[in-house]
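Participant: below is the sequence, then the predicted model.
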2 protein chains.
Amino acid sequence: MVYNCDVGDDIGQIKNAIEYAFGKADIILITGGLGPTDDDLTRNGIAQFLNVKLEYHSEIEEKIKKFFAARNYPMPEKNKVQAYLPAGTGEIENSLGTAPGIFYKNGKKIIAAFPGVPSEMKQMFDESVLPKLKEISSSDFLIVRKVRCIGTGESTIVEMLGDSMNRDRNPLINCTVDHGIITLHIVAKAKDKKNAETMAAKDIEKLSGLLGSLVYGLDEQSLAEVVGQKLLEKKKTLALAESCTGGLIAKIITDVPGSSGYFTYGWVTYSNEAKISELGVEKSLIEQFGAVSAEAARAMAAGARKKANSNYAIAATGIAGPQGGSEKKPVGLVYISIASDKGVDTEKFLFGPRNRDFIRLRTCQNALNLLRLKLGG
Amino acid sequence: MVYNCDVGDDIGQIKNAIEYAFGKADIILITGGLGPTDDDLTRNGIAQFLNVKLEYHSEIEEKIKKFFAARNYPMPEKNKVQAYLPAGTGEIENSLGTAPGIFYKNGKKIIAAFPGVPSEMKQMFDESVLPKLKEISSSDFLIVRKVRCIGTGESTIVEMLGDSMNRDRNPLINCTVDHGIITLHIVAKAKDKKNAETMAAKDIEKLSGLLGSLVYGLDEQSLAEVVGQKLLEKKKTLALAESCTGGLIAKIITDVPGSSGYFTYGWVTYSNEAKISELGVEKSLIEQFGAVSAEAARAMAAGARKKANSNYAIAATGIAGPQGGSEKKPVGLVYISIASDKGVDTEKFLFGPRNRDFIRLRTCQNALNLLRLKLGG
């Protein structure tokens, strides 16, 4: 159970929130309010709750000074406050920023406070706090594995699963949806880790059998990672020709470390001139069919593959909106082409009427999925 | 105060959570658990809390059927459950998906349940629930305005503000940081809207005077929007040549509707071959200085501007990691060049040691900020 109290500027409220949470739960995680400014009062709130004073730690000030020195910058006077911790608490080391976290343990009760910056919070939690929480967790062992699917709707997937989602089943199977990615969470409970793992692994096999190629990956695998792995394994290269997605497919492909092993050339041909001069799309083709057409998508993909001398090329052209739609070509109309040594395949999609972000992201995911299916098992 | 209970698969826990929240607050917002699958139990939890039955609404089933029909797809039997609402509650219309929300009002007490899909939740809250909440809100009028800054650290900005951040001041000024963007939140409280607005507007003027060109925009303005507006006003065009950012700058530029008015050509030259063949970077230059060098950044920007025949071009080359760093060229080393009719300016940045996402995003923001400063007021 998560108790979250938005109390940015009031020490008393922070104290009350901790007090309440302490009565309900063993582990209290606090985020934010550890910065150097006057509205950063988590230190004070914890001290008031524990009924202790703040204590100065010279070794923490040294670390903060070093952080600034590495950036050729003297430590501002304001940051000195970050070297104070409530008496009886310890520091959670923060290698990414100036704000140290605060750790307090008394028997089974734990308070851990992190800076609000997501990247710092996440690293500090994973490195310093998660191992401590695992030590004190309950005797039942819980394993959560995820089966990631794309290509149809949640209802269809659930129907394909039959009675596997019964609420009294162990492993329990839950389902979440995020931008076309359907994730099945397999929650296996057993007396020991090995049994829980075996139960979850069996369910992965079962669900994968039922869902076939709708399953693209497991656990935290992204579609771009899976596609990248396949390209690497098969020693194939990829080029991209993007119009409506405006660089988003390239961004998602290059989110993956090591993507330079297969991704070589990308064009964001946002103007017709760019499609013509960079990808060799015929001007007459655009005049006849328009830049948003199956013909343009096909020519973009073929042009990109040829110019990059790559094995595959993806092209996407469409109307991301909110402006630019018409009755014949509404917002959300998108053409995706995949060029390979076997020619160019083109699919038409209607993602609208939805907002720009939605249409662009769905275009990317469908483009990657088409390439995944083409690359095979 | 936000009370949040992660209770996906237990009706009783949902009921208890609502009961607890009802005792503490007037307005209870619930997200998730309205889908068609067996783990979607928010409907049942609310019904149990209100001690009523679920009632079938044929008009809701009709809407769900229409939603599927528009996608050339029959409604799966599973989705019928979404046509049920707890007796005495109303529907919150969902134009983006199949799950209707649930609205309950009794005197000052409100329960509103939304599907967990962020885009649906947000639109339903803004359109249907926010207006109702505003009607019943307290007599003090609160205006929140935001001043968005980039170019230095939080501590420096706070020092420049002097005593403006005192906790007993009205407007109250709070400060948050997100990936190098420092946001000052001006919270003005007054008996009526006009006074609160005037107080906030005066503070915007005051802060802008103190911070000068560190302020890039107000309220929800993104850096890409501000840069785009300047380009549009000045009727200038922009081309992009990206290496380490891999399409992220283009993505952020094209997140803005209407960006085709100034953004024309983008290259994601992820391989050396692409830098040479597409941007005309000399092979010998890469051999002498490397692809991550001031020289390469400069040649990429000049090449992109020339080939796109644009007024400005941004180039970024660097080491996003986690692999590829060396002692001389560590992970986080990035060069950004801006080409204009006045030549090419290049800056060197050291964003490491940080993760790939951080380095890429900071590169984008600094690139956009350099262009913003070049474009002037």
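Facilitator: That came through fine. Numbers count the residues shown, from 1 in each chain, chains lettered A, B, ... in the order given.

Participant: and residue A:224, that one's in a helix?
Facilitator: Yes. Looking at residue A:224 with DSSP: H, G, I helix; E, B strand; the rest coil, it is inside a helix.

Participant: hang on, it packs against residue A:251?
Facilitator: No. Residue A:224 is not in contact with residue A:251 according to CB atoms under 8 Å; the separation is 9.4 Å. For glycine as for every other residue, the C-beta is placed from the backbone atoms N, C-alpha and C.

Participant: these two: who's more crowded?
Facilitator: Neighbour totals were compared for residue A:224 and residue A:251, and residue A:251 leads with 26 against 21 (other CB atoms under 10 Å in any protein chain shown).

Participant: for whichever strand or helix holds the more buried one, the distance to its chain's centre please.
Facilitator: Secondary structure from DSSP states H and E places residue A:251 in helix A:248-254. Remark: helix A:248-254 is offset 13 Å from the chain centroid, using CA atoms, centre = their mean, to the nearest Å.

Participant: neighbours of residue A:216, how many?
Facilitator: Neighbour count of residue A:216, defined by other CB under 10 Å: 23.

Participant: give me the three-state assignment for it.
Facilitator: On the basis of three-state DSSP, residue A:216 is classed as strand.

Participant: separation between it and chain B?
Facilitator: Going from residue A:216 to chain B by CB to the nearest CB, to the nearest Å gives 20 Å.

Participant: I figured that residue hits residue A:180, correct?
Facilitator: No. If you go by CB under 8 Å, residue A:216 and residue A:180 don't touch, sitting 11.1 Å apart.

Participant: what do those two both touch?
Facilitator: Common contacts of residue A:216 and residue A:180 (CB atoms under 8 Å, 6 or more residues apart in numbering or on different chains): residue A:150.

Participant: CA atoms only: put the helix holding residue A:251 into PDB for me.
Facilitator: Provided in PDB are the C-alpha atoms of helix A:248-254 (Å, rounded to 0.1, in the frame of the first residue of the first chain):
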ATOM      1  CA  LEU A 248      10.900   9.000 -33.200                       C
ATOM      2  CA  ILE A 249      11.600   5.600 -34.700                       C
ATOM      3  CA  ALA A 250      15.300   6.500 -34.900                       C
ATOM      4  CA  LYS A 251      15.200   7.700 -31.300                       C
ATOM      5  CA  ILE A 252      13.500   4.500 -30.100                       C
ATOM      6  CA  ILE A 253      16.000   2.300 -32.100                       C
ATOM      7  CA  THR A 254      19.000   4.300 -30.700                       C
END
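
Participant: would you say residue A:295 is within a strand?
Facilitator: No. Counting by three-state DSSP, residue A:295 is not part of a strand but helix.

Participant: give me the nearest residue to it, chain neighbours excluded.
Facilitator: residue A:289 (4.3 Å; CB to CB, 6 or more residues apart in numbering or on different chains).

Participant: and the one you found, what's its pLDDT?
Facilitator: pLDDT for residue A:289: 97.

Participant: how much space between it and residue A:297?
Facilitator: Distance of residue A:289 to residue A:297, computed by CB to CB, to the nearest Å: 10 Å.

Participant: tell me which of these two has more neighbours.
Facilitator: Between residue A:289 and residue A:297, counted using other CB under 10 Å, the more crowded position is residue A:297 (30 against 15).

Participant: the more buried one and residue A:312, how far apart?
Facilitator: Distance from residue A:297 to residue A:312, by CB to CB: 14 Å.

Participant: repeat that for residue A:59.
Facilitator: For residue A:59, the distance to residue A:312 - CB to CB - is 54 Å.

Participant: so these two - more neighbours on which side?
Facilitator: Using other CB under 10 Å, the more surrounded residue of residue A:59 and residue A:312 is residue A:312, with 24 against 8.

Participant: give me the beta-bridge partners of that one?
Facilitator: Residue A:312 has these beta-bridge partners by DSSP bridges: residue A:238.

Participant: who's in contact with it?
Facilitator: A:231, A:236, A:237, A:238, A:239, A:305, A:338, A:339, A:340, A:371, A:374.

Participant: distance check, it against residue A:34.
Facilitator: Distance from residue A:312 to residue A:34, counting by CB to CB: 47 Å.

Participant: and for residue A:100?
Facilitator: Taking CB to CB as the measure, residue A:100 falls 7 Å from residue A:34.

Participant: shared neighbours, these two?
Facilitator: Common neighbours of residue A:100 and residue A:34, counting by CB under 8 Å, 6+ apart, are residue A:82.

Participant: which residues in the stretch 101-250 of chain A form strands?
Facilitator: A:101-106, A:109-114, A:141-149, A:172-178, A:181-190, A:215-218, A:238-242 (DSSP state E, counting those that start in this stretch).

Participant: quick one, which of the ones you listed is nearest to residue B:46?
Facilitator: Closest approach to residue B:46 among the strands of the stretch 101-250 of chain A (CB to CB): strand A:172-178, 19.5 Å.

Participant: the closest one: which residues count as buried?
Facilitator: A:172, A:173, A:174, A:175, A:176, A:177 (16 or more other CB atoms under 10 Å in any protein chain shown).

Participant: could you do stretch A:97-110 as well?
Facilitator: A:97, A:98, A:99, A:100, A:101, A:102, A:103, A:104, A:110.

Participant: one step back: is the helix holding residue A:251 anywhere near chain B?
Facilitator: Yes. Judged by CB under 8 Å from any CB of the partner chain, helix A:248-254 and chain B are in contact via A:248, A:249, A:250, A:251, A:253, A:254.
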